[in-house]
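[1] how would this look folded up:
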Amino acid sequence: MPTLLHLDASLFPLSASASRAVTQTFHKAWEEQHPENVVIYRDLAANPVPHLDGIAATAGFAAPADHSREQAAAFAERITLVEELEQADAVLIGAPMYNFSIPSTLKAWLDHVILPGRTAGENSTVKGTPVIVVASRGGSYAPGTPREPFEYVQNYLRDVLTVYLGVEVDFIVPELTLAATNPAMAQLIPLAEASRAKALQDAVTKAKHLALRLRANAA
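    You can find the predicted model right below:
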């Protein structure tokens with residue numbers, strides 16, 4: 001049965017997180033489509049992976065037989081994350097915008113799973129895997145808006161995921177999420193509500209279509 005790798009990186013609980021609300025909706029629709037579908041879940045905020053250090057990084061460029069005891073332990077942690085990614089037929093990533101960029105916990109996960117000679121490169125073991133990114137943000141960074149030059153979430157993730165891992169990336173973008181709590185954005189509340197509604201509907205639609213596509217491919 002198709003396997004979904006679901007990653008959340010929001011610092012906030014479901015009740016206060018736009019990205020978690022959308023990823024949960026996708027997750028639920030995925031399971032409802034085929035109850036036997038498998039989900040691997042990682043909450044990178046509640047249980048962050050360690051940031052890549054010199055020991056883990058150099059281990060990726062050395063033969064396992066040449067690893068020191070420290071390198072072997074660090075590399076084993078990387079391989080656990082890599083194998084989860086390789087096992088997935090689809091990936092769902094909650095990527096809220098913090099200070100114009102992605103959460104550091106998500107960056108740490110990427111640094112671990114981008115493994116040259118395995119997941120990264122021309123013969124990537126995850127090449128072609130569909131990845132859905134829920135890129136929530138408090139304001140709007142859409143083309144034509146004043147903050148368009150500061151959009152470093154979609155641009156970065158599209159490039160790093162496609163160039164290094166060779167996956168297929170699609171985005172769901174709930175924006176203006178601070179409108180309800182920021183008085184200066186009060187006039188934008190209707191647009192924020194419309195964006196949220198569209199994001200939730202997109203999550204259901206994309207989850208169903210993707211589950212059906214993967215099931216058909218496996219038939």
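
[2] following element in sequence after the worst-scoring helix or strand of the chain on mean pLDDT, please.
    Least confident helix or strand, the chain: helix 54-59 with a mean of 91, by mean pLDDT, DSSP states H and E. Using DSSP states H and E, the helix or strand that follows helix 54-59 in sequence is helix 69-87.

[3] show me the strands in the chain, by range?
    Applying DSSP state E to the chain gives strands spanning 3-8, 38-43, 90-94, 130-134, 168-172.

[4] bridging residues for the residue nearest the centre of the chain?
    By Cα atoms, centre = their mean, the chain has its centre lying nearest to residue 93, at 2.1 Å. Assessed by DSSP bridges, residue 93 has beta-bridge partners residue 7, residue 133.

[5] that older thread, to residue 18, which of the strands of the chain lies closest?
    Closest approach to residue 18 among the strands of the chain is made by strand 130-134 (8.2 Å; Cβ to Cβ). In short, each C-beta sits where N, CA and C put it, glycine included.

[6] just the CA coordinates of the closest one, formatted as PDB?
    Extracted in PDB, the C-alpha atoms of strand 130-134 (Å, rounded to 0.1, in the frame of the first residue of the first chain):
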ATOM      1  CA  PRO A 130       5.800  13.600  -5.200                       C
ATOM      2  CA  VAL A 131       6.200  16.100  -2.300                       C
ATOM      3  CA  ILE A 132       3.500  18.400  -1.100                       C
ATOM      4  CA  VAL A 133       4.700  21.400   0.900                       C
ATOM      5  CA  VAL A 134       2.300  23.400   3.000                       C
END
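
[7] just give me the longest helix of the protein.
    Ordering each helix of the chain by length in residues (DSSP state H) puts helix 189-218 first.

[8] name the helices or strands packed onto that helix?
    On a contact count with 3 or more Cβ pairs under 8 Å, 6 or more residues apart in numbering; DSSP states H and E, helix 189-218 meets helix 18-33, strand 130-134, strand 168-172.

[9] ok, now how distant is the residue nearest to the centre of the chain from residue 104?
    Noted for residue 93: a distance of 14 Å to residue 104, by Cβ to Cβ, to the nearest Å.

[10] same check, this time on residue 4
    For residue 4, the distance to residue 104 (Cβ to Cβ) stands at 24 Å.
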